[in-house]
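Undergrad: could you work out the structure for the sequence below:
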Amino acid sequence: MMGGGQQNGLTQVVSFLLGVSAAAVLIFFFSSAGGNGGAWSTDVSSWANGTVSSPAATKEATAAAHVEEKSNLTRRERNSTIQEEEDRELKKLLEAVADEHRNIIMTSVNEAWAAPGSLLDLFLEGFRAGEGIARFVDNLLIVALDDGAFRRCRDVHPHCYRLTADGAGTGAGKNFSGEKVFMSEDYLDLVWSKVKLQQRILELGYNFLFTTL
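TA: You can find the predicted model right below:
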């Protein structure tokens, strides 16, 4: 008959052997799974964390994230290129308009105000008919708020700038031709667009006198 110490020792040996056998079985199981062992491990980990995922879903999410990142980068690059082109156009226009002291006169018009016989024609006529001020029309920059105003401006004046919703100038942009209700979204867009343009003109080292029609 074995003593208590021998029984305890045998029990420890048996427990050790069972633990080694269990570990060997698990190693064999993972090895038999081949290339999917890592994926299975990932699934178990996800399940333990309260989520369910699969290698395919993870791969799709990663690919989608890469596509979105690339799209955002392309959009930023395109916007940067457009901004650079518009900045060059603005600098060129300001050089043509400014006097020797880098002063310019600015006003803004939409399609209704730029129509034939409207305020724009009356405003330009005021320079021609005014006493000793005809020369200042050469220092006038007219900011067009929509495509119609831009086309009409170019018919009657050499220095026209097309304003867009972000304060940049191109041949197309948000339509500011209609009436803007005070403090509406369109009204605020228009106000801030003008402010951004004026800020940019100051940053380029020019002075301006802004007047409304």
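Undergrad: can you tell me which helix in the protein is longest?
TA: helix 55-97 (DSSP state H).
Undergrad: burial count for E68?
TA: 10 (other CB atoms under 10 Å). No exception for glycine: its C-beta is placed from N, CA and C like everyone else's.
Undergrad: which parts of the protein are helices?
TA: Using DSSP H, helices in the chain cover 4-32, 37-48, 55-97, 111-114, 119-129, 147-156, 185-203.
Undergrad: ranking these by mean pLDDT, which is last?
TA: For these, mean pLDDT drops lowest on helix 37-48, to a mean of 46.
Undergrad: pLDDT score for S54?
TA: 65.
Undergrad: who's in contact with the longest strand along the chain?
TA: Under DSSP state E, the strand in the chain containing the largest number of residues is strand 103-109. The contact list for strand 103-109, computed with CB atoms under 8 Å, 6 or more residues apart in numbering, reads 94, 97-98, 119-120, 123, 136, 139-145, 149, 153, 163, 194, 198, 201, 206-213.
Undergrad: buried ones among those?
TA: 94, 97-98, 120, 123, 139-145, 149, 153, 163, 194, 198, 201, 206, 208 (16 or more other CB atoms under 10 Å).
Undergrad: the closest residue to A144 other than its chain neighbours: neighbour count?
TA: Distances taken as CB to CB, 6 or more residues apart in numbering place F150 nearest to A144, at 3.7 Å, with adjacent residues excluded. Counted with other CB under 10 Å, residues neighbouring F150 total 24.
Undergrad: ok, now W113?
TA: The local packing of W113 (other CB under 10 Å) involves 21 other residues.
Undergrad: is it in contact with L122, as I believe?
TA: No. Using CB atoms under 8 Å, W113 is not in contact with L122; the gap is 9.8 Å.
Undergrad: quick one: contacts for A96?
TA: P158, H159.
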